[in-house]
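Trainee: what shape does this take:
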Amino acid sequence: MPVDLPRAEARTRTRTDVAPEERTTLETEGPWCTVVWNDPVNLMSYVVFVFRRYFGYSRVVAEQLMMQVHEDGRAIVSRGSREKAETDVQAMHSFGLQSTIEKAGES
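Mentor: Numbering: from 1, shown residues only. Just a heads-up that it's a prediction; the model follows:
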């Protein structure tokens, strides 16, 4: 036997609530970065290969990014929507590279 419970109005929100469609826009819009991290496993030449193959970077750009990963421990290899950054992170994982996503400006 179903119980009929009173429900709140759909429009009832506090001032700090964000509408679902606004929340989605805030999460997916804006600059997101794909970060590749240094690891002791992959050869520098392999990292250059991955950057050239996946991102289409020239040899010079790929080598500069690889050196940044090697010397600084990380490098931002792409920027864009959250969905694009998540796709890039997944691709880096498939190549065996350690990679994460972060909001631009949070580093």
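Trainee: beyond the helix or strand of the chain with the lowest mean pLDDT, next helix or strand please.
Mentor: In the chain, no helix or strand scores lower on mean pLDDT, DSSP states H and E than helix 20-28, which sits at a mean of 55. Following helix 20-28 in sequence order, the next helix or strand is strand 32-37 (DSSP states H and E).
Trainee: buried sites along that following strand?
Mentor: 32-36 (16 or more other C-beta atoms under 10 Å). (Each C-beta comes from the backbone N, C-alpha and C, glycine too.)
Trainee: again with stretch 89-105
Mentor: By 16+ other C-beta under 10 Å, the buried positions in stretch 89-105 come out as 89, 91-92, 95, 97-99, 101.
Trainee: out of these, what pair is the most spread apart?
Mentor: Farthest-apart pair in the buried residues of stretch 89-105 is F95 and I101; separation 15.8 Å (C-beta to C-beta).
Trainee: starting at the chain centroid, how far to stretch 61-80?
Mentor: Here the centre of stretch 61-80 is set off from its chain's centre by 15 Å, with C-alpha atoms, centre = their mean, to the nearest Å.
Trainee: likewise stretch 100-107?
Mentor: Taking C-alpha atoms, centre = their mean, one finds the center of stretch 100-107 at 7 Å from the center of the full chain.
Trainee: and for stretch 89-103?
Mentor: In terms of C-alpha atoms, centre = their mean, the centre of stretch 89-103 is found 8 Å from the chain centre.
Trainee: then stretch 46-58?
Mentor: 18 Å.
Trainee: which residues are contacting that stretch?
Mentor: With contacts defined as C-beta atoms under 8 Å, 6 or more residues apart in numbering, stretch 46-58 is touched by 36, 59, 61-63, 65-66, 69, 77-78, 88, 91-92, 95, 97.
Trainee: pLDDT on that stretch, on average?
Mentor: Averaging pLDDT along stretch 46-58 yields 98.
Trainee: buried residues, that stretch. List them.
Mentor: In stretch 46-58, counting by 16+ other C-beta under 10 Å, buried: 47-51, 54-55, 57.
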